[in-house]
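Colleague: Here is the input, now give the coordinates:
(one chain, ligands or ions: 2)
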Amino acid sequence: MIRKALTIAGSDSGGGAGIEADLKTFSAFGVHGLVAITSVTAQNTQEVRAIYDVTPEVVAKQIEAVVEDIGVDAAKTGMLSNAEIIKAVAKTVKKYDFPLVVDPVMIAKSGAPLLREDAMDALIEKIIPLAKVVTPNRPEAEKLSGIKIESLEDAKKAAKIIVEELGAEGAIVKGGHLGLSEAVDVLYFNGEFKEYRAPFVQGCTHGTGCSFSAAITANLAKGKKLEEAVRIAKKFITMGIYYGAKIGHGHCPVNQNAWIEIPAEKWRVYESLSKAVKELLTLENLPKYVPEVGMNFVYALPKLYAKDKDDVAGVKGRIVKFGNTVKPVGGIEFGASDHLARAILTFMEFFPEVRSALNLKYSEELIKKASSLGLKVSFYDRREEPEEIKAKEGGTIPWGIKTAIERLNDRPDVIYHLGDRGKEPMILIFGESPEVTLKKLKMLIG
Ligand SMILES: Cc1ncc(COP(=O)(O)OP(=O)(O)O)c(N)n1
Ligand SMILES: Cc1nc(C(=O)O)sc1CCOP(=O)(O)O
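Modeller: Ligands and ions are numbered 1, 2, ... in the order given. Below you'll find the model as predicted:
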């Protein structure tokens, strides 16, 4: 059954907040999105240049049109802009019985007011009492509750005021602005407090309020209980901020797609690498090219999602010599590689399309063959590594890969190093996918 969620909000031409963020969020949860546009904003990541309010009648008609034909399982409000729109929205949604999430949008991240000063009373009197949950950030919660919020305890007091004095069923005061090491949100619902904690991640924050409240709405539309909907929304927004795409010159927008793209990409990476490793293990002459330390074969998530070694899949425990044959010690796992993961993540800073690598035993003969086959070869010399990098744990490989790429001033297929004390010399082959990397290996050792 298709669930339907309605957003009653303003449009952000930059696609970062408002209706656009809400629809992307609904989609990420597999919910059909419906809209009632309250206001058109000419907006980008830096500023709001113009606001054009839709008439209250047309706002109401949009709500009625979708509810009466398609049906609404849950709805949310965002930018309501003025008192007349607020009154029309309140009067219309009162006729129906879907749960309403109220994001009390007041000011855009860029500083522009999105709610007229004289509309605050209407918001408090007409909309808040209809809310299943209100989702203010700290400044919004201060305006609604009338208290200053400087601690978690203050946030709790504000949430309680919004419920007990203003008449909402629940209130969640978001802690993103509280200056704590963790982002702690406080929900007051059914007479109880519940805290939601997540690491305070750096990333893209335009549209966080909209996307968070839309994620709660989507999950309510799917029949989840409020506490569970908030738990999922918290995970969703943390991921969206962390994996935000750095577009525009101001506050870059939350990436709602991360929620669905990462699991899908992980599956693609896993499948493709598993297939290539299987084929690698069938290569007859492979054992003589496996280094003493073992061989690994890695494939990273696409650049936007490849932040650290946990975003790179490899063979757990590596591929090792076993008598006259080779064996993978474990299966394909994310986070299973350390050296090659660092190598590929550095490589991707220069050439994001190259996401796969494997290592093999160094021989001069192989390097000559690689060049004669037309593969682009570069190298780094561990003895030239600057002392300050040497002193940094895990710094050698990133330095080496960067040095090799800069030396070639082109995209290498092969990078080698001649080792150092206690460090085996090594050849690394790079490719856009495990299939391409394997093809290069087969050319080389075939
Ligand atoms: C049209 C529109 N609606 C709402 C907002 C505010 O969105 P929010 O999610 O709070 O994000 P920031 O503006 O704080 O980044 C908006 N900007 N535009
Ligand atoms: C041990 C080692 N050193 C390499 C180098 O390039 O110097 S490649 C390598 C083997 C692969 O290691 P992992 O499983 O941590 O990716």
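
Colleague: Flag every residue of the chain that's near ligand 2.
Modeller: Proximity of the chain to ligand 2 (Cβ under 6 Å from any ligand atom) is limited to residues 293-294, 296, 314, 318, 337-341, 359, 426, 428. The C-beta positions use only the backbone N, C-alpha and C, and glycine is treated the same way.

Colleague: Among these, name the ones in helices.
Modeller: Residues of the residues of the chain next to ligand 2 located in helices (DSSP state H): 339, 340, 341.

Colleague: Distance to ligand 1 and pLDDT added to the residues you listed, as a markdown table?
Modeller: A markdown table is the format used below for these (distance: Cβ to the nearest ligand atom, whole Å; pLDDT from 0 to 100):
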| residue | distance to ligand 1 | pLDDT |
| --- | --- | --- |
| 339 | 40 | 98 |
| 340 | 38 | 98 |
| 341 | 33 | 98 |
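
Colleague: Is the closest residue to residue 162 other than its chain neighbours bridged to anything, and to what?
Modeller: Leaving aside its sequence neighbours, residue 162 sits nearest to residue 171 (Cβ to Cβ, 6 or more residues apart in numbering; 3.8 Å). Residues in a beta bridge with residue 171, per DSSP bridges, are residue 134, residue 188.

Colleague: ok, residue 171 - contacts?
Modeller: Residues in contact with residue 171 (Cβ atoms under 8 Å, 6 or more residues apart in numbering) are 133-136, 141, 158-160, 162-163, 187-189.

Colleague: With distance to residue 441, neighbour count and pLDDT as extra columns, can I get those in JSON lines?
Modeller: Below are the contacts of residue 171 laid out as JSON lines (distance: Cβ to Cβ, whole Å; neighbours: other Cβ atoms under 10 Å; pLDDT from 0 to 100):
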{"residue": "133", "distance to residue 441": "55", "neighbour count": "28", "pLDDT": "98"}
{"residue": "134", "distance to residue 441": "58", "neighbour count": "32", "pLDDT": "98"}
{"residue": "135", "distance to residue 441": "52", "neighbour count": "29", "pLDDT": "98"}
{"residue": "136", "distance to residue 441": "56", "neighbour count": "28", "pLDDT": "97"}
{"residue": "141", "distance to residue 441": "58", "neighbour count": "28", "pLDDT": "97"}
{"residue": "158", "distance to residue 441": "61", "neighbour count": "26", "pLDDT": "98"}
{"residue": "159", "distance to residue 441": "59", "neighbour count": "28", "pLDDT": "98"}
{"residue": "160", "distance to residue 441": "64", "neighbour count": "17", "pLDDT": "98"}
{"residue": "162", "distance to residue 441": "62", "neighbour count": "28", "pLDDT": "98"}
{"residue": "163", "distance to residue 441": "63", "neighbour count": "22", "pLDDT": "98"}
{"residue": "187", "distance to residue 441": "54", "neighbour count": "24", "pLDDT": "98"}
{"residue": "188", "distance to residue 441": "59", "neighbour count": "26", "pLDDT": "98"}
{"residue": "189", "distance to residue 441": "57", "neighbour count": "20", "pLDDT": "98"}
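
Colleague: want to throw the residues of the chain next to ligand 2 into TSV with neighbour count?
Modeller: Below are the residues of the chain next to ligand 2 laid out as TSV (neighbours: other Cβ atoms under 10 Å):
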residue	neighbour count
293	14
294	16
296	25
314	29
318	23
337	25
338	14
339	20
340	29
341	25
359	27
426	22
428	26
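
Colleague: any idea which of those residues is closest to residue 15?
Modeller: For the residues of the chain next to ligand 2, the closest approach to residue 15 (Cβ to Cβ) belongs to residue 341, at 32.7 Å.

Colleague: doesn't residue 312 make contact with the closest one?
Modeller: Yes: Residue 341 is within contact range of residue 312, at 4.1 Å (criterion: Cβ atoms under 8 Å).

Colleague: Contact partners for residue 34?
Modeller: Taking Cβ under 8 Å, 6+ apart, we find residue 34 in contact with 4, 5, 6, 7, 66, 70, 72.

Colleague: Out of those residues, which end up buried?
Modeller: Neighbour counting by 16 or more other Cβ atoms under 10 Å classes 4, 5, 6, 7, 66, 72 among the contacts of residue 34 as buried.

Colleague: any idea how far the fourth one lies from residue 21?
Modeller: For residue 7, the distance to residue 21 under the criterion Cβ to Cβ, to the nearest Å works out to 9 Å.

Colleague: what sits in contact with each of those two?
Modeller: Common neighbours of residue 7 and residue 21, using Cβ under 8 Å, 6+ apart, are residue 214.

Colleague: if we can go back for a sec, for residue 341 and residue 312, list the residues in contact with both.
Modeller: Joint contacts of residue 341 and residue 312 (Cβ under 8 Å, 6+ apart) are 298, 300, 335.

Colleague: burial count for the second one?
Modeller: Put plainly, it is residue 300. Residue 300: 28 surrounding residues under other Cβ atoms under 10 Å.

Colleague: Figure out the length between the terminal residues of stretch 313-323.
Modeller: End-to-end distance of stretch 313-323 (Cα to Cα, to the nearest Å): 26 Å.

Colleague: do the same with stretch 362-381
Modeller: The first and last residues of stretch 362-381 sit 14 Å apart, counting by Cα to Cα.

Colleague: Other residues contacting it?
Modeller: Residues from elsewhere that reach stretch 362-381, judged by Cβ under 8 Å, 6+ apart: 289, 291, 360, 399-401, 403-405, 407-408, 410-419, 424-427, 440, 443-445.

Colleague: Looking at these, which are in strands?
Modeller: Under the assignment DSSP state E, the contacts of stretch 362-381 contribute 360, 414, 415, 416, 417, 426, 427 to strands.

Colleague: What is the most widely separated pair among these?
Modeller: For the ones in strands among the contacts of stretch 362-381, the farthest-apart pair by Cβ to Cβ is 360 and 417; their separation is 12.7 Å.

Colleague: Find residues that contact each of the two.
Modeller: Taking Cβ under 8 Å, 6+ apart as the contact rule, residue 360 and residue 417 both touch residue 426.

Colleague: Show me where the stretch 51-200 of the chain has its helices.
Modeller: Assigned by DSSP state H, counting those that start in this stretch, the helices in the stretch 51-200 of the chain fall at 56-69, 83-93, 120-122, 138-145, 152-164.

Colleague: can you list the ones you listed in a markdown table and add distance to residue 395?
Modeller: Converted to a markdown table, the helices of the stretch 51-200 of the chain look like this (distance: least, Cβ to Cβ, whole Å):
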| stretch | distance to residue 395 |
| --- | --- |
| helix 56-69 | 56 |
| helix 83-93 | 56 |
| helix 120-122 | 53 |
| helix 138-145 | 39 |
| helix 152-164 | 38 |
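
Colleague: right, so of those helices, which gets closest to residue 201?
Modeller: Nearest to residue 201, of all these, is helix 138-145, at 17.7 Å by Cβ to Cβ.

Colleague: does the closest one come close to ligand 1?
Modeller: No: against ligand 1, helix 138-145 shows no contacts by Cβ under 6 Å from any ligand atom, the least distance being 8.7 Å.

Colleague: same check, this time on stretch 100-114
Modeller: Yes: counting by Cβ under 6 Å from any ligand atom, ligand 1 is contacted by stretch 100-114 at 105, 108, 109, 114.
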